[in-house]
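>>> starting from these lines, generate the structure:
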Amino acid sequence: MLSYSQTALLGFLQGLTELFPVSSLGHSILLPSLLGWRVDESSPQFVAFIVLTHLATALVLLGFFWKDWMNITGGIFRSLYRREISEKDPYGKLGWLIIVSTVPVGILGLLFQEQVSRLFAAPRLVAGALFLNGILLYSAEKLRAKLPEEKADDTTLAKLTWKQAVGIGLAECLALIPGFSRTGLTMTGGLLSSLSHENAARYAFLLATPVIFAASVLKIPDLFGSGGIFLGPAAWGAAWSAIAAYFSVRFLTKYFESKKLTPFAFYCIVAAGLCLAALA
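Okay, here's the model as predicted:
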């Protein structure tokens, strides 16, 4: 069972890395192994704790983008009332694009949740996935450089095709494997769909919210598996996760206005190499 100090450290790390394209889940699994903590990372309670920290991040995202979500929700209801998805209503179109992108990871997450949970106890595999995550981010930037970049605004984001939305959702599915980044893979799909870095990041943050909420509904009950004795440390860790996530999203929304994924790609490659060496 994790202590308050351990959940605070893990929660802060998760919140800090969840929105960065470096796999927060990978870091949360690798840290206990590197520090020699006696933790069963595949236990239902540990998995539920990680999900709770993700839920804290999702709440931060919901608050940070509350205006977007108000507009998106209104747009979806307008489209339902009119029984059509109009290109003239960018927020309505954006809402349905997010729903379409959510479907693939939702289906695969439900089908393979047990298999994915077992990977939590395989830190070497997670480090290998983190290395591949870095390679994918670097490759995405190389391919993106060959595509035109449009202005970052709501209209442009809503111009994604349904096929591209499915492609982004399929890319996100790889992030079910610990070590691959949800933000990184979603941004990769967005960049290869000719979105700007700013718009790709925004779409990734918006898409993360319903995905994380859905996963939380399934796993939070596991926190009560030991009579609720882990709820205190878990909630403490989630609070630290929320604090870190708030500063992360503030930083990254500014960062991707002018910068790229390349530094994160190099970080993943180097960090994975060091972890593999330490775990050998």
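
>>> so what's the residue count around residue 172?
Residues near residue 172, counting by other CB atoms under 10 Å, number 29. (C-beta placed from N, C-alpha, C; glycine too.)

>>> what pLDDT does it get?
On pLDDT, residue 172 comes in at 92.

>>> contacts for the helix or strand harbouring it next, please.
Assessed by DSSP states H and E, residue 172 sits inside helix 162-173. Helix 162-173 has contacts (CB atoms under 8 Å, 6 or more residues apart in numbering) with 97-98, 100-105, 108, 160, 182, 185-186, 188-190, 192-193, 203, 207, 211.

>>> out of those residues, which are buried?
Buried residues within those, counting neighbours by 16 or more other CB atoms under 10 Å: 97-98, 100-102, 104-105, 108, 160, 182, 185-186, 188-190, 192-193, 203, 207, 211.

>>> quick one, helices of the stretch 51-200 of the chain?
Taking DSSP state H, counting those that start in this stretch, the helices of the stretch 51-200 of the chain run over residues 66-82, 90-111, 113-118, 123-144, 154-157, 162-173, 182-191, 197-219.

>>> need these in JSON lines (columns: distance to residue 21).
Listed next are these as JSON lines, based on distance: least, CB to CB, whole Å:
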{"stretch": "helix 66-82", "distance to residue 21": "20"}
{"stretch": "helix 90-111", "distance to residue 21": "16"}
{"stretch": "helix 113-118", "distance to residue 21": "19"}
{"stretch": "helix 123-144", "distance to residue 21": "6"}
{"stretch": "helix 154-157", "distance to residue 21": "18"}
{"stretch": "helix 162-173", "distance to residue 21": "12"}
{"stretch": "helix 182-191", "distance to residue 21": "3"}
{"stretch": "helix 197-219", "distance to residue 21": "8"}
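
>>> tell me which of the ones you listed approaches residue 50 most closely.
helix 197-219 (8.3 Å; CB to CB).

>>> quick one: mean pLDDT over that closest one.
The average pLDDT within helix 197-219 is 87.

>>> stretch 126-140 now?
Rounded mean pLDDT across stretch 126-140 is 95.

>>> which outside residues touch that stretch?
Residues outside stretch 126-140 that contact it (CB under 8 Å, 6+ apart) are 21-23, 26, 29-30, 119, 177-181, 184-185, 187-188, 191-192, 261-262, 264-269, 271-273, 275-276, 279.

>>> can you pull the contacts of the most centrally placed residue in the chain?
Closest residue to the average C-alpha location of the chain: residue 182 at 3.7 Å, with CA atoms, centre = their mean. Contact analysis of residue 182 by CB under 8 Å, 6+ apart lists 18, 23, 172, 175, 204, 208, 211.

>>> would you turn these into TSV with distance to residue 72?
Shown next, in TSV, are the contacts of residue 182 (distance: CB to CB, whole Å):
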residue	distance to residue 72
18	21
23	27
172	18
175	22
204	15
208	14
211	15
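
>>> from those residues, pick the one nearest residue 252.
residue 204 (9.4 Å).

>>> list the contacts of that closest one.
Counting by CB under 8 Å, 6+ apart, residue 204 has contacts 182-183, 186-187, 190.

>>> out of the helices of the stretch 51-200 of the chain, which is closest to residue 232?
Comparing these by CB to CB, helix 197-219 comes nearest, at 17.9 Å.

>>> count of neighbours near residue 255?
Residue 255 has 16 neighbours, counted by other CB under 10 Å.

>>> over to residue 5?
11.

>>> which helices and strands does the strand or helix carrying it pack with?
Using DSSP H and E, residue 5 maps to helix 4-18. In terms of contacts (3 or more CB pairs under 8 Å, 6 or more residues apart in numbering; DSSP states H and E), helix 4-18 is packed against helix 24-35, helix 44-64, helix 231-255.

>>> and the last one, how far out from the chain middle?
Using CA atoms, centre = their mean, to the nearest Å, the mean C-alpha position of helix 231-255 is found 13 Å from that of the whole chain.

>>> where does the stretch 1-150 of the chain have low pLDDT?
1, 41-42, 149-150 (pLDDT under 70).
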